[in-house]
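[1] sequence and computational prediction follow.
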Amino acid sequence: MQISKKVMRYCKFCKKHTLHDVSIASSGHKRGALKRGGKARVRKRGKWRGFGNLGRYSKPPITAWKRKTKSTKKTNLIYTCPECKKSTLQRKGTRAGKVMMQKE
């Protein structure tokens, strides 16, 4: 999916239409291995050992017919106003396999 680098949009801060700069938001970072919320840390502490219902540490009953993943992700665009330098995220993303900025 090709996206233009500049789009004419209404800025809710300036209260007028300006030519906004478009950028793709980063997906964030992965959870660290031995951090407080890390699964590897919990496994090292031995929370997943034993019998019976282990609550949040037990594995869910996933079968082959239940397992499926989505092949695309939704776009996550940031629009920045050149006058007030404030940014707004897009309200509704569209599914796309690959998102690229157009060369101008």
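    Thanks, I have the structure now.

[2] from here on, contacts and neighbour counts on C-alpha atoms
    Will do.

[3] grab the nearest non-local neighbour of residue 82.
    Leaving aside its chain neighbours, residue 82 sits nearest to residue 20 (6.3 Å; criterion: C-alpha to C-alpha, 6 or more residues apart in numbering).

[4] so how many other residues sit close to that neighbour?
    Counted with other C-alpha atoms under 10 Å, residues neighbouring residue 20 total 23.

[5] any idea of the pLDDT on it?
    Looking at residue 20, its pLDDT reads 97.

[6] and it, what are its bridge partners?
    Judged by DSSP bridges, the bridge partners of residue 20 are residue 7.

[7] how far away is it from residue 95?
    22 Å (C-alpha to C-alpha, to the nearest Å).

[8] count of neighbours near residue 26?
    Residue 26, neighbours per other C-alpha under 10 Å, totals 9.

[9] what do you get for the one 4 residues further on?
    In terms of burial, residue 30 registers 6 neighbours under the definition other C-alpha under 10 Å.
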